[in-house]
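Test case, fold it:
(chains A, B, C and D)
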There are 2 protein chains.
Amino acid sequence: MPHPAQITRDALIARAWEMAEAEGVEQMTLAKLAAALGVKAPSLYHHMRSKADLLRAINERTTQQLFAALHETLAAASDAPAAERIHRLAAAYRAFAQAHPITYMLAFTTVEVEARPDPTFQEQGVLPIQAVLTELTGADASLAAIRGLLALMHGFVMLEINDQFRRGGDLDAAYTQGIEVYLRGITG
Amino acid sequence: MPHPAQITRDALIARAWEMAEAEGVEQMTLAKLAAALGVKAPSLYHHMRSKADLLRAINERTTQQLFAALHETLAAASDAPAAERIHRLAAAYRAFAQAHPITYMLAFTTVEVEARPDPTFQEQGVLPIQAVLTELTGADASLAAIRGLLALMHGFVMLEINDQFRRGGDLDAAYTQGIEVYLRGITG
DNA sequence: CACGATGCCTAATATCATTAGTTTTATAGA
DNA sequence: TCTATAAAACTAATGATATTAGGCATCGTG
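The predicted structure is shown next:
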């Protein structure tokens, strides 16, 4: 059985990502993960340095997919006015978080430094979005503007994922309205 | 030694809260917590049902303290105009999160249902804040308005705590500006 | 055709939370 | 004042967990 590797690092990460999203991070144990790959737990250490290392890979994957979805959305709306592009972007952001709540949350709330995604991922991903905002704010204010926008989107979906909006009402409308308000404040 | 309880539930929770904030949640093990209280780990189970139960108590304590700080801030600024009160509130919110980053994050990102704070805490705490916003938006829009404000504040401090703002710049100014923009969007 | 590295395995360890069963002691009632 | 009871501590044990050590099979390369 040994030598021709039965699993690759990519397969390991992909499976771990799926398992975390499907059953929760704390349910994604190395034993279960190994079993799903037809292997025993210690064998995983030939493809990763530690579980923190695996989590970092998962988080980088999540970050990449999030920004890929956002860029795709921006590309598809490239002829719309800037405010409309931001609205589409915000919708895509929330849709991603709702589709992958656990891995999304994991990527942005990891305390262990070892498991944090490489900073360059986020920086690279944010730049095209910031470019759209620059159309509305000018270059000087665009860094603060994107930070506010990211905070608004991230905060909303985090509260939503963690079930902190328990007073009913239309959450879709509240989200859209929040973005609208923010954009109005920027341009006004 | 036995019978006259050497620890109370309140002392247990207070110590656990301090230890979590000081050393990180994952460092707050029952063995260490018990040792800090001069007792062995199994004895803790006379004062709690499970660790999830303890975490829930910690989170409720955090939530209460956060809202207490916010209400205090509002009370101290009761004669200021509504927009100014919101600014003070936002500053107090961020100050609390920065002073207690670990327990703050824990309270708002707990996946385990067992460990989630009782919903009524948040609801009660949010109402006075919503009242201020109602002055600016009218009653109809105030629920969505407070959700946006909470999302903005929570998102910003969460990103900040998790070191996701790595591109330098003045974060104090970015936060203030974000709140300003949001308020302008609401009133404009 | 052998040999060495690769990648799997079993076995073992340390650290968790949690449970079972025992021991001690303060207090309430005789 | 004495004693029985219940509270609250303890030790010991269990089952997960990640991780390490060491052995063994197998494939590609000389």
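
For the lowest-mean-pLDDT helix or strand in chain A, which helices and strands make contact with it?
Within chain A, no helix or strand scores below helix A:119-137, which has a mean of 91 by mean pLDDT, DSSP states H and E. Helix A:119-137 is packed against helix A:51-76, helix A:82-99, helix A:142-161, helix A:171-187, with contacts defined by 3 or more C-beta pairs under 8 Å, 6 or more residues apart in numbering or on different chains; DSSP states H and E. Heads up, the C-betas are built off the backbone N, CA and C, glycines and all.

And the third one, what's buried?
Residues of helix A:142-161 classed as buried under the neighbour-count rule (16 or more other C-beta atoms under 10 Å in any protein chain shown) are A:142-161.

which among these are in contact with chain B?
A:143-145, A:147-148, A:150-156, A:158-159 (C-beta under 8 Å from any C-beta of the partner chain).

residue in chain A nearest to chain B?
Proximity of chain A to chain B (C-beta to the nearest C-beta) peaks at residue A:155, 2.4 Å away.

And that residue, how close does it get to DNA strand D?
Noted for residue A:155: a distance of 30 Å to DNA strand D, by C-beta to the nearest atom of the strand, to the nearest Å.

how long is stretch A:158-176 end to end?
16 Å (C-alpha to C-alpha, to the nearest Å).

For that stretch, buried residues please.
Of the residues in stretch A:158-176, A:158, A:159, A:160, A:161, A:162, A:164, A:165, A:174, A:175, A:176 count as buried by neighbour count, 16+ other C-beta under 10 Å.

Including pLDDT, could the residues you listed go into a markdown table?
Converted to a markdown table, the buried residues of stretch A:158-176 look like this (pLDDT from 0 to 100):
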| residue | pLDDT |
| --- | --- |
| A:158 | 98 |
| A:159 | 97 |
| A:160 | 96 |
| A:161 | 95 |
| A:162 | 94 |
| A:164 | 93 |
| A:165 | 94 |
| A:174 | 98 |
| A:175 | 98 |
| A:176 | 98 |
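
What is the most widely separated pair among these?
Largest separation among the buried residues of stretch A:158-176 by C-beta to C-beta: A:162 and A:176, giving 20.4 Å.

quick revisit: the least confident helix or strand of chain A versus helix A:142-161: what angle between them?
Regarding helix A:119-137 and helix A:142-161, their directions subtend 110 degrees when assessed with axes from the mean of the first three to the mean of the last three C-alpha atoms, to 10 degrees.

Give me the buried stretch members for helix A:119-137, please.
By neighbour count with 16+ other C-beta under 10 Å, helix A:119-137 contains the buried residues A:121, A:122, A:125, A:126, A:129, A:130, A:132, A:133, A:134, A:136, A:137.

Farthest-apart pair in those residues, please.
Across the buried residues of helix A:119-137, the longest distance by C-beta to C-beta is 25.1 Å; it joins A:121 and A:136.
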